[in-house]
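> here are the coordinates; sequence isn't available:
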């Protein structure tokens, strides 16, 4: 009886403290509601035994309570009697003007729990204190408390344990799980205790009735939703970031949705991580930073970086290489180019489209829409295709149609003297071209960038210079599958930023994609021209294919990110990279490759 009393007291302590002026010592008597809960939970007909236990052990309970762990049956029986009495308040201080409402707490080990949450107001400082944050009565700002809390409020009525959010983050990094699948797995496997029994009734017929889920009449859902998983992931990541930087998270309070509330902070973090903002940017280890002696006995270093792209992307303006953000990610054009929504979809045609259509009245242009619908819906008549060209929305992905237009009055087999004309039209949303990575050969990702229109050599050059902005930060070797074009571009524009960097092509691409007759490529980018990159066992010292290997991982996010708004898209990918880099560091440590950080002054002497 006494051990159970101690464990129940642990569950009751938040409510007991909420009724106290001074929490440093236990109260002389328990609140009447808690006494009733204990009577029910411990099967006592009157309160005398409960009062005697509290009087005898209250100081012991108050001193060691944090070391006591409630059992599953304690939580179940406590909830049974406390829900109706409203004693499941959060861990709060005694202030004033309490506002209490029902909510749900999703935990990693105890399932989904019905709870009450209470906020309190301080008349002196004019602030309302919520579970994770405070709001001044004259402010529209949520100021979060320092550090990362054990429980995070992800929506008005839903809380998630940080340990569970950490679990979700890792399932996203290593399993490419969407928020929907995270919620499904939780609701199936973790939402209630003994899910393995409840999910397999036939196999556990003898014990099933003991664990059958009880129906709880509760205002808020006990099933986790994907929107709360995703918002929880973003909020948890922001709180971690702020704690690591020793700063405080602030969010707007009176937003219409949690998505809008999080947006400014996500954008701020995106800006911080641009350029050299990834925490592992100064990384070095035995696999990517090799020290050797030259012929004179002087110590020298060889450091390499590898570049490649993967064709995942987010919706963007349909104007080639336009980087302006879409007002709504379902739109085809940004605000600056919105007028093009009313222009014919055929390239270079500036005629206004007919109302209800995406092409103008030109019969040849309307014929392209027939081709589009035929490809989309199968073999259908031209008349029906034109009817299907009615503009019912802008949600489709970009479709590029090329059609050959022949003269109507030509006999069979004849061709016009000027040749057949080709028309090209674009329908639907455009997506960015690819995500470009620069990595160390050991697997650490230094930087990610979005290429909008194409993987243009000029864009690659700009990206590489942003990654290595000072002469001291440039690597001795930069491996890229199109280095011959990159070197030629740098020579044409007179860019000598990488004058001390050798730029070979990786062996696979050099053997399969580069011509032996290309003298420039053979002279400047042939990996065989760099014998120092081969070790005594005739193997390459650096893994020059690391980007292609990593792109297999990166490409796994295509389905998850394809319709994600750009701010969230960038934050999500950068967060995945940060988690993956941390795991890579652990692997490098365990395999004896001695990861370390190059001092910032070594690469940025003016900082």
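Sure, I can see it. Please read all numbers here as calculations on a predicted model, not as lab measurements. Residues are numbered from 1 along each chain as shown.
> Pass me the low-pLDDT residue ranges in the protein, would you?
Applying pLDDT under 70 to the chain flags the ranges 64-68, 84-94, 373-421, 507-525, 528.
> which ones are touching the residue nearest the centre of it?
The structure's the chain has its C-alpha centroid closest to residue 572; by Cα atoms, centre = their mean the separation is 2.1 Å. Taking Cβ atoms under 8 Å, 6 or more residues apart in numbering, we find residue 572 in contact with 557, 560, 561, 564. (Glycine included, C-beta is placed from N, CA and C.)
> Looking at those residues, which is nearest residue 580?
residue 557 (11.3 Å; Cβ to Cβ).
> who's in contact with the closest one?
Per Cβ under 8 Å, 6+ apart, neighbours of residue 557: 176, 312, 572, 573, 576.
> Just those residues: which are in strands?
Using DSSP state E to define strands, no part of the contacts of residue 557 is located there.
> and which of those residues is nearest residue 250?
Nearest to residue 250 among these is residue 572, at 21.4 Å by Cβ to Cβ.
> on that earlier part again, make JSON lines from the contacts of residue 557 and add distance to residue 129 to it.
JSON lines is the format used below for the contacts of residue 557 (distance: Cβ to Cβ, whole Å):
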{"residue": "176", "distance to residue 129": "39"}
{"residue": "312", "distance to residue 129": "43"}
{"residue": "572", "distance to residue 129": "31"}
{"residue": "573", "distance to residue 129": "35"}
{"residue": "576", "distance to residue 129": "34"}
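> Could you check how far the closest residue to residue 603 other than its chain neighbours is from residue 574?
Nearest residue to residue 603, sequence neighbours excluded (Cβ to Cβ, 6 or more residues apart in numbering): residue 473, at 4.0 Å. Plainly put, residue 473 is 20 Å away from residue 574 if you go by Cβ to Cβ, to the nearest Å.
> and what of residue 278?
Distance of residue 278 to residue 574, given as Cβ to Cβ: 7 Å.
> between these two, which one's more packed in?
Neighbours per residue, other Cβ atoms under 10 Å: of residue 278 and residue 574, the larger number sits with residue 574, 22 against 19.
> Contact partners for the more buried one?
Residue 574 touches 269, 270, 273, 278, 448, counting by Cβ under 8 Å, 6+ apart.
> Residue 342 now?
Listed by Cβ under 8 Å, 6+ apart, the contact set of residue 342 reads 352, 353.
> What distance do you get for it to residue 167?
On the measure of Cβ to Cβ, residue 342 and residue 167 end up 48 Å apart.
> next one: residue 126
38 Å.
> what's the burial count for residue 63?
Close neighbours of residue 63, defined as other Cβ under 10 Å, add up to 10.
> Secondary structure element for it, which one?
Using DSSP states H and E, residue 63 maps to helix 48-64.
> List the buried residues in the helix or strand just after that helix.
Downstream of helix 48-64, the first helix or strand assigned by DSSP H and E is helix 72-82. Neighbour-count burial for helix 72-82, counted by 16 or more other Cβ atoms under 10 Å, picks out 74, 75, 77, 78, 79, 81, 82.
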